[in-house]
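Trainee: Pasted the sequence and its predicted model underneath.
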Amino acid sequence: MSNAWMVVATREIVVRALNKGFLIGLAVTVAMIGGLIGFTSFMEGRTQSFEVAVVAGDESAVTALESAAADAASDDRQIELSMLPVDDASAAEAALDDETADAWLSSGAASGTDSWTLSGWREPDPDLTQLIGTTVRDQVLADRAADAGTSMNALTAGSEVETERLDGNPVDPQVVLVAGFVLAFLFFTGAVGSGAMIAGSVIEEKQSRLVEIIATAVPLRQLLAGKIIGSSVIALGQNLLLAGVGLIGVSFTDLSAILPAMTATMLWFVVFFTVGFVAMAALYAVAGSLASRTEDLQYTTSPLMMLLMGVYVVTFSADGTFERVLSYIPPASIVSMPVRVLNGDALWWEPLVSLLILVVATLGAVLLSERAYRGALMQTGGRVSWKTAMAAERGTTLGA
């Protein structure tokens, strides 16, 4: 059968697509991504309201609070301030105690000192503290400038510091860090989940002796090719779905401005993952063939699990020269190179060179795995080592 691999691939796709565990897990992951993006968008768009107590007669505090409220409205800080007049300090403390007020602003004039105090029953909100602190500082400086016969504009002229990023990349480093984590997570879950399904499928057929019947009609090389292609289609489809959900969600957040850069990064990741997963699928198929029982899979797949876990941990936290090196070393390049593209750190030709290296490494892994797979698949009675599998396949070839 010249197209036997297509039959095997179709079967793998159908079985996986109809697997309830896979579908439930995929639905849960999509819901988690959507929920996380929705929560982030809600928090970014949420307006915080604060009730600030001011003691009667503390005109400096009243002025500062009114200025802070105006600044918050003009700067679109999503903070609303309202004033709660109280009779004295005891009333202000009582308002904080019963949570009628979120904070109490007291000026230096009211306390007979040069210091200002923003009190809270607990630690005052950081955003509120920053807003009022900036307003009070500007107000004090303006008063002292007036006393000196000058103005705030004259005192602060030329003191503004503008920021400039010379590489021209608009993506914030924190966004790059989060993107690195997301890509590493997609790679890890896609490779481990689909890889485990391949290994499980192989050992199931081997343990039930079904593979001996299949081998009479389907060459082992085509059987392996069908399993790799079928599982790769499922893994690619899963990551395309998750990436699509993520990008659509990002379009509704403040990060929508960098959506073109993130889309390009995701496309590079899909290309790298598609190539790299073929090698992972082949190696997982060998891991399944090396086992004789389902219980053996934990032993035969553990080296792959350690490799993937290492890639997951290292890639999303890598930086600088280390990240550049990783972007050329498979399988870490599957994550590191797309992250570098997002960061604006990669020249136009670097992803192409890295992808070529990954293609060569994948071809090598597939050829090596194919030999081990053919040598181990028909062996039963215990776990088979790579050395034994390679020797058995070599002997079969020579005998033929």
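Mentor: Right, received. Where do you want to start?
Trainee: how about the CA coordinates for stretch 328-339, as PDB?
Mentor: Taking C-alpha atoms only, stretch 328-339 is exported to PDB below (Å, rounded to 0.1, in the frame of the first residue of the first chain):
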ATOM      1  CA  TYR A 328      20.100  28.300  17.200                       C
ATOM      2  CA  ILE A 329      20.000  25.100  19.300                       C
ATOM      3  CA  PRO A 330      17.100  22.700  18.700                       C
ATOM      4  CA  PRO A 331      14.600  22.300  20.300                       C
ATOM      5  CA  ALA A 332      15.200  25.400  22.400                       C
ATOM      6  CA  SER A 333      15.200  27.500  19.200                       C
ATOM      7  CA  ILE A 334      11.400  26.700  18.700                       C
ATOM      8  CA  VAL A 335      10.800  29.100  21.600                       C
ATOM      9  CA  SER A 336      13.900  31.400  21.700                       C
ATOM     10  CA  MET A 337      14.000  32.500  18.100                       C
ATOM     11  CA  PRO A 338      10.300  33.700  18.000                       C
ATOM     12  CA  VAL A 339      10.900  35.500  21.300                       C
END
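Trainee: From here on, call the first residue 18.
Mentor: From this message on, residue numbering opens at 18, which makes the last subject stretch 345-356.
Trainee: What's the mean pLDDT across it?
Mentor: Averaged across stretch 345-356, pLDDT comes to 91.
Trainee: try stretch 252-268
Mentor: 81.
Trainee: ditto for stretch 44-63
Mentor: For stretch 44-63, the per-residue pLDDT values average out at 74.
Trainee: residues of that stretch that come out buried?
Mentor: 46-47, 50, 54, 57-58 (16 or more other CB atoms under 10 Å). From N, CA and C alone the C-beta is placed, and that goes for glycine too.
Trainee: Strands along the stretch 68-217 of the chain, start to end?
Mentor: For the stretch 68-217 of the chain, strands defined by DSSP state E, counting those that start in this stretch occupy the ranges 96-103, 120-123, 134-136.
Trainee: what does the second one contact?
Mentor: Same thing as strand 120-123. 67-72, 75, 78, 81-82, 103, 106, 109-110, 112-113, 133-137, 141-142, 145, 149 (CB atoms under 8 Å, 6 or more residues apart in numbering).
Trainee: low pLDDT regions in the stretch 218-367 of the chain?
Mentor: With pLDDT under 70 as the threshold, the stretch 218-367 of the chain has low-confidence stretches at 271-274.
Trainee: Is it possible to get TSV of the strands of the stretch 68-217 of the chain that adds mean pLDDT, distance to A382 and mean neighbour count?
Mentor: Written out in TSV, the entries for the strands of the stretch 68-217 of the chain read as follows (pLDDT from 0 to 100; distance: least, CB to CB, whole Å; neighbours: other CB atoms under 10 Å):
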stretch	mean pLDDT	distance to A382	mean neighbour count
strand 96-103	87	55	17
strand 120-123	90	61	24
strand 134-136	89	62	15
